[in-house]
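> here are the coordinates; sequence isn't available:
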């Protein structure tokens, strides 16, 4: 299994809603990433988890709350989002150690905040 | 995060021609990678070049790296309509005991059949 699976593929939410994005991989990768991408822009790094611990938070607003409950699963909890948070949210993973440092990406969740 | 700059922002060529994209970055890096993205979905890794390498090949792809100029280029030879996509460079930087990957601004390539 060489896939990173993200659900849902599309999500529409109001500014008062609470929702979660899910990312799953079964490649044994112990580093996992959340990126945010606006249309025609590059992915922007949000969070990095290493061995299920949060290693990097790129000054992301607290309305985004990441969680890594186990080595295969990464969640992004969303609460009180703003319309400008509408974007494609991408999850990625990579193995730790060795010389192979490429990222494996999921196909993303397209989020619309109304 | 400081993104790298890529040029051109957009490139339109005929099938069979070569496409060259350039990436400049600002920080010290461990490696530089190139990714491809179709229609705003997930990114696919193309090739990785380490900071101590100057050139690397993979199929129709050729990547160069000049660490003194903090720049890299991606050459796609004999392009095909299926190569139409956005291409991003990404620099791998050691941070907080792990690696963070910062993406350049991207080049939108259109290959006309």
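Nice, I can see it. All figures in this text were calculated on a predicted structure; none of them were measured in a lab.

> Flag the shaky bits of chain B, pLDDT-wise.
Chain B contains residues with pLDDT under 70 at B:1-3.

> tell me which parts of it are close to chain A?
B:1, B:3, B:30-31, B:33, B:35, B:40-45, B:48, B:88, B:90, B:92, B:95-106, B:108 (CB under 8 Å from any CB of the partner chain). (Each C-beta comes from the backbone N, C-alpha and C, glycine too.)

> Show the buried residues in those residues.
B:1, B:3, B:31, B:33, B:35, B:42-43, B:45, B:48, B:88, B:90, B:92, B:98-106, B:108 (16 or more other CB atoms under 10 Å in any protein chain shown).

> Strands of the chain, start to end?
Going with chain A. For chain A, the strands defined by DSSP state E occupy A:4-7, A:10-13, A:18-25, A:31-37, A:44-50, A:53-57, A:64-70, A:73-79, A:87-94, A:104-105, A:109-113.

> That was the other one, I meant chain B.
All strands of chain B, identified by DSSP E, fall at B:5-7, B:10-14, B:19-24, B:31-37, B:43-50, B:55-58, B:61-66, B:71-76, B:85-95, B:98-103, B:107-112.

> Point out the most buried one among those.
strand B:31-37 (a mean of 23; mean count of other CB atoms under 10 Å in any protein chain shown).

> measure the most centrally placed residue in chain A to residue A:68 for me?
Residue closest to the mean C-alpha point of chain A, counted by CA atoms, centre = their mean, is residue A:34 at 3.1 Å. Noted for residue A:34: a distance of 10 Å to residue A:68, by CB to CB, to the nearest Å.

> now stretch A:65-73, how far from the chain's geometric center?
Computed by CA atoms, centre = their mean, to the nearest Å, the chain-centroid distance of stretch A:65-73 equals 10 Å.

> do that stretch and chain B meet at all?
No - Stretch A:65-73 does not reach chain B (CB under 8 Å from any CB); its nearest approach is 12.8 Å.

> Check which residues of that stretch are buried.
By neighbour count on 16+ other CB under 10 Å, the buried set for stretch A:65-73 is A:66, A:68, A:71, A:72.

> For the first one, give me its contacts.
By that I understand residue A:66. Residues near residue A:66 by CB atoms under 8 Å, 6 or more residues apart in numbering or on different chains: A:34, A:46, A:47, A:49, A:54, A:74, A:75, A:76, A:77.

> Let's see that with 6 Å instead.
Residue A:66 is in contact with A:47, A:76, counting by CB atoms under 6 Å, 6 or more residues apart in numbering or on different chains.

> give me the low-pLDDT residue ranges for chain A?
Low-confidence segments of chain A (pLDDT under 70): A:1, A:98-100.
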